[in-house]
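Novice: Pasting the sequence and the predicted coordinates here, then a few questions.
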Amino acid sequence: MTDTSAGSTTTINPPATGVGNSVDRPDASAKVLGSFEFSNDLNHERMLWGATIRSPHPSARIVSINVAPALAIPGVAAVVTHHDVPGSPVYGLISHDQPVFASDVVRYQGEPVAAVAADHPDTCRRAMVAVEVVYEVTEPVVDLLTAATAKPVHPDGNVVRRVPIRFGDVDAVGDIVVEGTYEMGMQDQAFMGPESGMAVPAAGDGSIDLYVATQWLHEDRDQVADCLGLARDDVRIHLAGTGGAFGAREDVSFHVHACLLAQHTNRPVKMQYRRDESFLGHVHRHPAHMTYRHHATNDGRLVKVECDIVLDGGAYASSSFAVCGNAARFAAGPYKVPNAVVNASVVRTNNPPCGAMRGFGAVQVCFGHEAQMDKLAAALDMDPLEIRLLNALETGDRLITGQILDGVAPVRECIEAAAAFPLPPISGNDVFDQPGGAGRTADPLAVRRGVGFAVGFKNAAFAEGFVDDTHARCRLENGQVTLWCAAAEVGQGFVTIVRQIAVSTLGTDRVELMRASTADIGSAGSTSASRQTYMSGAAVLKACEEVAEQVRLAIAATHDVAPELVTIEGGRARTIDGRVDVIVADAIADVRFEAELRHMHRETYPLDEETGQGDCDVTWIFAAHRAVVDVDVELGLVKVVEVTTGQDVGVALNPLHVIGQIEGGISQGVGLAVMEEIITDVGLVRNPSFTDYLLPTMVDMPDVRITLIEQPEEGGPFGAKGVGETPSLSSTPAVAAAVRAATGLELTRVPIKPQDIALG
Amino acid sequence: MTSTDTGHTYRLNVNGSDRVVDGSWLGESLLYVLRERLGLPGTKNACEQGECGACSVLIDGVLVCSCLELAAAAVGTDIVTVEGIGNAGPTDGNGLTDVQRAFVTEGAVQCGFCTPGLIVAVHDLLDDNPEPSRSETHEALAGHLCRCTGYGRIEAAVEHVIEIRRD
């Protein structure tokens, strides 16, 4: 053992790349150079291409499947169907209700029926056409309001979950009552990098490696292993470069198909969805139908919120169970609500399956409760801000689940911050600043400006008693820090903040984070629910702190001082006599220090099945948004001019990248307000392309002004909270409110379309 | 033997190098040939119908979506991809151009899937028009979808490059 610091006092300070700094992403250089390896850049000299044969019908009986014509095509190496699934024929996130391949019936357009492996993507396409599937088409169930009592779409029935909430005096009546019915369309996550990856069979032992863009490696591993009939250790999932996620990679997609093809051909198989296939190949945001009745006193205090929510889960359950729980719990918004009656349900239809998307159930209800708050303000002749401030939740208040809100809750600060920015000036005469932009359609005389406010909240991390754990390992050896954690980096910046955490605890920026893999460490849980900074960031911090503690004891032993006379602070280790004052990572050479641990948040509990009461959440995240829009009322075109926000972030570990999360979340919220919807027609998706599914471009994106509300959160690393989902909650209702203000129309459905305004 | 007619050989000039494309099917897009035959996966495939801009390259100095170009029809042209965008001008110690450096430091990169196309497009924009107005920048880059950033940090990166090139 060598002590590199004996008798010396170093003057080197820890690098300024610790927490609180806007440090560059470690993968950014590779990404701008084009050398970062994404999941669809994977290559292997013996590789085959895989492709999926899908049902063209939303509801049909499979009469027969004949793969022989496809197998006869030169270059085709294998075709697999339900006959070839050796393990569990079904998979799923919460309930295993979705077939790997359909066998007897198909329940949505795009349901996988077979998969093919061939030497060239074009050969795959020809083989896909050659597989003969005879269907007997049946009448699909597509209406979410009547689905519960329609013919069963699935043996598990058409109601995936009902969540009732009964809180306080269910018969309470307010001085004033406002009612409304609201709807939200089906939004797509539309990540840029389509589903892709490669399955590589191991030589000899029957095990398999899958390199895949995903949000949750260990959950994938368990589902894949079960379907392949393999032991879980015989399936190794490795994170491949991931081009965005936003919820759509929480479910298994091609994973089992690629593995089966690789096993059948004994060759690596690469699969990548085309964009149209991606629209059919992952879950979407649940469409919602919501009926609200708000009761208040004459001075504007909420007395009771009543709400019926129906979510369309599509053909398979995915995470619908949890989405429905969220919709129910956050149905009343971030307000003091003494009494509540909520009935939320998620139904099964032959529409595309729905599941996780940024905001996860809280987005739908935020559109409803915020429209109601504006209605209430109008009925009471109050200012929309004033009524929100009057009712704003505070720490110590009771939520409609009966749980005490015991975390940081800066609702008032968020609202005031969003409102504090000066309003933008009236747009000039430049046609590019008008609704319709370069289309040059706007008549400035027909353009009306509107301003709208909204506030939202949801939980962070998993709820309702779900076992929510994460694992991290830290190794320090000769000044080099190596970290292991299976948290999926999907673009959000986990790879940046874990390095910052290590710098702040161990004092060096010689930090390497290993590729996330099920082969190397236990589960980190899902990159979802705004939980990875809060959960896996905390796990990495604890592991680094344990290593620092080992170093502290080693310094004490080496220098023959009592351990309590050695301190660790801000990445430096010091002895009280000043003989040692050194960066933690450099204190002791030629010794390996290592710590591995499992981190969990405090226990949560299920909701009571009759009353919806229970301490089911860990922590909460809040934001407020103000939107300013210009609307061409003749053509129905909306230009979102500006969105301002105050967002509760705990402590920003990397302020620049927190801003990036917020701007990105707002762009998805703006898209949901005025552009984005998957259009279905009797179960068929009519716009599965970026030509027809409209995403905000740089021209559509408003100016965004942000105030970070920093109040440290207990339990988060350095006081940090999750920041990813919050900007998507109330940006949509703020834009909708602004369009209502500009037009005087009720506009009870998003996305708002030109005809809703021009013909409204 | 493969199922498609893949016996064709031709040459492409990519990033200043003469490259042989061997055993190609003539229906292959320039995007496919760059990624799968020439080992240049920096150009990305996000929609393959010319809507997202992730596959942007320069052909004879013109910004195009490589998914909409037949590779065999690009014979005799000069093709520049993200991998070669730094060949013509100055780069820093890490091989980054001013545009690439600005994307890194301004936080314009999240998942990074749209980034290569945007790097090529921002070079194209600022090489032609060193002082674009905000609406000129917006219009020039409106063909590039980014789902992560909301474009705010991308615009900041563009403004940063405008500023440093001005000095």
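Specialist: All right, it came through fine.

Novice: Not including adjacent chain positions, what is the nearest residue to the residue of chain B found nearest chain A?
Specialist: Relative to chain A, the nearest point of chain B is residue B:42 (2.1 Å; C-beta to the nearest C-beta). C-beta here means a position set from N, CA and C on the backbone, and glycine is covered the same way. Setting aside the residues directly before and after it, residue B:42 is nearest to residue A:34 in space (C-beta to C-beta, 6 or more residues apart in numbering or on different chains), at 2.1 Å.

Novice: tell me the contacts of the residue in chain A that chain B sits nearest to?
Specialist: Residue of chain A nearest chain B, by C-beta to the nearest C-beta: residue A:34 (2.1 Å). Going by C-beta atoms under 8 Å, 6 or more residues apart in numbering or on different chains, residue A:34 touches B:40, B:41, B:42, B:43, B:81, B:82, B:83, B:116, B:119.

Novice: Would you check that residue A:318 makes contact with residue A:253?
Specialist: No: with contact defined as C-beta atoms under 8 Å, residue A:318 and residue A:253 do not form a contacting pair (11.4 Å).

Novice: out of those two, which sits in the busier spot?
Specialist: Using other C-beta atoms under 10 Å in any protein chain shown as the criterion, residue A:318 and residue A:253 rank with residue A:318 on top: 30 against 26.

Novice: How many residues are close by the closest residue to that one other than its chain neighbours?
Specialist: Nearest non-adjacent residue to residue A:318, counting by C-beta to C-beta, 6+ apart: residue A:355, 3.3 Å away. For residue A:355, the neighbour count with other C-beta under 10 Å is 27.

Novice: any idea how far residue A:90 is from residue A:355?
Specialist: Separation of residue A:355 from residue A:90 (C-beta to C-beta, to the nearest Å): 16 Å.

Novice: what's the answer for residue A:405, then?
Specialist: Using C-beta to C-beta, residue A:405 is found at 39 Å from residue A:90.

Novice: The two: who's more crowded?
Specialist: More neighbours surround residue A:405 than the other of residue A:405 and residue A:90, with 20 against 16 (other C-beta under 10 Å).

Novice: which ones are touching the nearest residue to the more buried one once chain neighbours are set aside?
Specialist: Leaving aside its chain neighbours, residue A:405 sits nearest to residue A:397 (5.1 Å; criterion: C-beta to C-beta, 6+ apart). If you count contacts by C-beta under 8 Å, 6+ apart, residue A:397 has them with A:336, A:404, A:405, A:409.

Novice: ok, of those, which one's closest to residue A:182?
Specialist: The closest of the contacts of residue A:397 to residue A:182 turns out to be residue A:336 (C-beta to C-beta; 22.0 Å).

Novice: count of neighbours near that closest one?
Specialist: 17.

Novice: Looks like it contacts residue A:302 (just checking).
Specialist: Yes: under the criterion of C-beta under 8 Å, residue A:336 makes contact with residue A:302 at 6.5 Å.

Novice: what sits in contact with each of these two?
Specialist: Residues touching both residue A:336 and residue A:302 by C-beta under 8 Å, 6+ apart: residue A:391.

Novice: Compute the first-to-last residue distance for stretch A:746-760.
Specialist: Criterion C-alpha to C-alpha, to the nearest Å; first-to-last residue distance in stretch A:746-760 is 9 Å.

Novice: typo on my end, stretch A:194-208
Specialist: Stretch A:194-208 has an end-to-end distance of 22 Å (criterion: C-alpha to C-alpha).

Novice: the domain parsing of the chain - what is it?
Specialist: Using chain A. Listed by automatic domain parsing, the domain ranges of chain A are A:28-36+A:469-600, A:40-139+A:198-242+A:249-272, A:288-463+A:606-758.

Novice: wait, chain B
Specialist: The record, using automatic domain parsing to delimit domains, assigns chain B the ranges B:8-81, B:98-166.

Novice: Tell me which residues of stretch B:156-167 come out buried.
Specialist: B:156, B:157, B:158, B:160, B:161, B:162 (16 or more other C-beta atoms under 10 Å in any protein chain shown).
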